[in-house]
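[1] Pasting the sequence and the predicted model now:
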Amino acid sequence: MRRRSRTTGKLPKTRSRKAKILKATRHSSSSVAGQETEVARFHRERDEALERETATSEVLRLISKSPGDLELVFRSILENATRLCEAQFGLLFRYDGRLFNTLAVRNAPAVLLEFIEQRGAFLPRAGTVLHDLLVTRDVVHRTDASAAETQSAPVRLAGAKSFLAVPMFKDEALVGAISIYRQEVRPFTDKQIELVQNFAAQAVIAIENARLLNELKQSLEQQTATADVLRVISSSPGELKPVFEAMLQNAVRICDAQFGNLALLEGDGFRFVAQHGAPPKYRDARQREPFVRANSRNLDRVIKTKQAVHVADVAAEDPQSGVVTLGGARTLVNVPMLKDDELVGIIAIYRQEVRPFTEKQIELLQNFGAQAVIAIENARLLDDLNKLNQQLEQRVSDQVGEIERMGRLRRFLPPQVADLIVASGTEKQLESHRREITALFCDLRGFTGFSESSDPEDVMALLAEYHAAIGTIINKYSGTLERYAGDGVMVIFNDPVPVENPALQAVLMALDMRTAIGGMIETWRDLGHDLGFGIGIAHGFATLGTIGFEGRFDYAAIGTVSNVASRLCDEAKPGQILISPRVRQAVDKVVTVEPVGEFTLKGIRRPMIAYNVQGPLNSKPN
């Protein structure tokens, strides 16, 4: 039996003491756990800080080690930014004061890469992150871009949800931006934003270092330009053309001009023997007519005074001059080439804005003129060398013409036709001929409505994706792309390359197309585009050959077979491959088909039974 307290008559406080001890013990355990959590957080933050410092040091090391290799530095910046900020991909842009240009990409999906390559330099649309950055000149942080009024390419093509764009400034001038993206809704932290800002500052340092290095190189080039020309003269004592070209190239570059000419005096005019950087129209005119009479005011002044002629605005003084109308020249300087006080030629350089040349630049050009005379003297047999140069120029012109002809063939004709012509050395295959072929026509259902209600950029992006898929499959089955217009594509088989069973080859290709485009249609439908895909295939005789005009030829198949394929495609419902009876006979033992009825096709006198290809015999029908 427990005793009561003598003073109060109550039981002793043993239990109360035990409760306090137990509570204190629990509190102590909780404190220890809290301390362990705090230690873990400290270690994590320390590790993250160390990782950020390491990444920053790595970028600075690259800038120091490779001051002129911006691509390497930009790649490292994007790699570290996306990794440390837990982003899926990133982009780095340069801004020239008017347009953005993508200079580096990290982990972007293939469809976005393709879009970036096709887009080139661009002005961001209103509502996009770069547009907001351009307007606010500040960090733009989108936590959920799915509801943005104007969706950018990373959102539309790569599924970006949360993303961050940080501007790059040089002396308060915007020079670029870094953007990183997450494909889930998860905002970036303040520390991550600060880290990307540090990377942006490092990118600007790299750009500035590259600029300073470039200026140093230019200064060195100015000092060594004269020695370079003298070296060319020494190494090519019997050849004037390389001397003139090296001389003119250095003169245009060092004097900060847009283009230049070097001409030799012949009788009462000048023969142009070298050009550098000339605009196409002016360059072509000088190549067609290298000899120009000295009937312009500036050329006549050089002949009469044998002094340099410097015109601040030639357009105001002689607006009808060819160098103004064809070359857009505004400021010019003509420097005479003198031998024993006799004029032998001129060196002329031009700027396309009103900006006079400096005295040092004119003096440098005069030195080049003196070197040109040395080169002419070293040649000695100048007339013979001029004839040789003319022969070489003609030979080069013929070769360039042949290369251009082959380039046109490969650009405007199907690869099979162009390859046959190049291999045979003749264009006989382009002549009109008759052959039995299989024609396939396919297009998208609902494309007209889609193109009328969608932005041009969305239409072009969808067409690019569609054509890329179609083109890959056409090449796979060795089809000849006869033509394409928008979403419509015509492919023929058995010409110019013979095919053992062209109808079967066309049907197998159609099945492959239906599968590939079917998957794309599902993706487009998720984006709100209600599109379908249909195919028509016919077999018969056609007349084949080139049609068009000089400069643009197409390889075409003309005949009922082409019309039937096109009409069957018109009748095909989304997902159908409609074939003619002749095609059915050729593929009956390979694929399963179903009759879909008799059609009265436009331009075809009698109704035609059409069949829908369901699939290969060894698989379930679609």
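    Noted; the coordinates are in hand.
[2] domain assignment for the protein?
    63-213, 256-380, 413-616 (automatic domain parsing).
[3] The stretch 451-600 of the chain: strands as residue ranges?
    480-485, 488-493, 532-549, 552-558, 577-579, 591-599 (DSSP state E, counting those that start in this stretch).
[4] Lowest average confidence across the ones you listed, which one?
    Here the strands of the stretch 451-600 of the chain differ in mean pLDDT, and the lowest is strand 552-558 at a mean of 78.
[5] Of all the domains of the chain, which one comes closest to Ser397?
    Ser397 lies closest to domain 256-380 among the domains of the chain, at 8.2 Å (C-beta to C-beta). All C-beta atoms are positioned from the backbone trio N, CA, C, and that covers glycine.
[6] So which residue is smack in the middle of this structure?
    Glu117 (3.6 Å; C-alpha atoms, centre = their mean).
[7] Could you single out the most deeply buried of the strands of the stretch 451-600 of the chain?
    strand 577-579 (a mean of 30; mean count of other C-beta atoms under 10 Å).
[8] Quick check: which helices or strands does that one pack against?
    helix 502-526, strand 532-549, helix 560-571, strand 608-616 (3 or more C-beta pairs under 8 Å, 6 or more residues apart in numbering; DSSP states H and E).
[9] what does it contact?
    Here strand 577-579 makes contact (C-beta atoms under 8 Å, 6 or more residues apart in numbering) with 507, 510-511, 514, 534-538, 568-569, 571-572, 587, 593, 596, 610-613.
[10] Kindly recompute the last result at 7 Å.
    Contacts with strand 577-579, where a contact means C-beta atoms under 7 Å, 6 or more residues apart in numbering, come from 507, 510, 514, 535-537, 568, 571-572, 596, 610-613.
[11] Please name the strands paired to it in the sheet, noting orientation.
    strand 532-549 (parallel), strand 608-616 (antiparallel) (DSSP bridges).
[12] Export only the CA atoms of the last one, formatted as PDB.
    Spelled out, that is strand 608-616. Output in PDB follows, covering the C-alpha atoms of strand 608-616 (Å, rounded to 0.1, in the frame of the first residue of the first chain):
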ATOM      1  CA  MET A 608     -15.400   1.700-113.200                       C
ATOM      2  CA  ILE A 609     -15.500  -0.800-110.400                       C
ATOM      3  CA  ALA A 610     -13.200   0.200-107.600                       C
ATOM      4  CA  TYR A 611     -11.700  -1.900-104.800                       C
ATOM      5  CA  ASN A 612     -10.400  -0.900-101.400                       C
ATOM      6  CA  VAL A 613      -7.200  -2.500-100.300                       C
ATOM      7  CA  GLN A 614      -7.600  -3.900 -96.800                       C
ATOM      8  CA  GLY A 615      -4.200  -5.300 -96.100                       C
ATOM      9  CA  PRO A 616      -1.700  -8.100 -96.900                       C
END
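[13] how many neighbours does the closest residue to Ser454 other than its chain neighbours have?
    Residue nearest to Ser454 in three dimensions, not counting chain neighbours: His529, with 7.6 Å by C-beta to C-beta, 6 or more residues apart in numbering. Residues contacting His529 under the criterion other C-beta atoms under 10 Å number 19.
[14] quick one, phi/psi of His529?
    phi -100, psi 110 (degrees, to the nearest 10).
[15] isn't it right next to Phe450, touching?
    Yes: contact status for His529 versus Phe450: in contact at 5.6 Å, counting by C-beta atoms under 7 Å.
[16] ok, now how distant is the residue nearest to the centre of the chain from Ile437?
    The gap separating Glu117 from Ile437 is 35 Å, by C-beta to C-beta, to the nearest Å.
[17] Surely Arg283 and Gly277 touch.
    No: here Arg283 does not reach Gly277: they are 8.9 Å apart, not a contact under C-beta under 7 Å.
[18] which of these two has more neighbours?
    The neighbour comparison of Arg283 against Gly277 (other C-beta under 10 Å) goes to Arg283, with 18 against 15.
[19] State the distance from Ser454 to Thr448.
    On the measure of C-beta to C-beta, Ser454 and Thr448 end up 11 Å apart.
[20] the more surrounded of the two?
    Legend: neighbour count by other C-beta under 10 Å for Ser454 and Thr448, higher for Ser454 (16 against 12).
[21] Now that one. Its backbone dihedrals?
    With angles defined as degrees, to the nearest 10, Ser454 sits at phi -110, psi 160.
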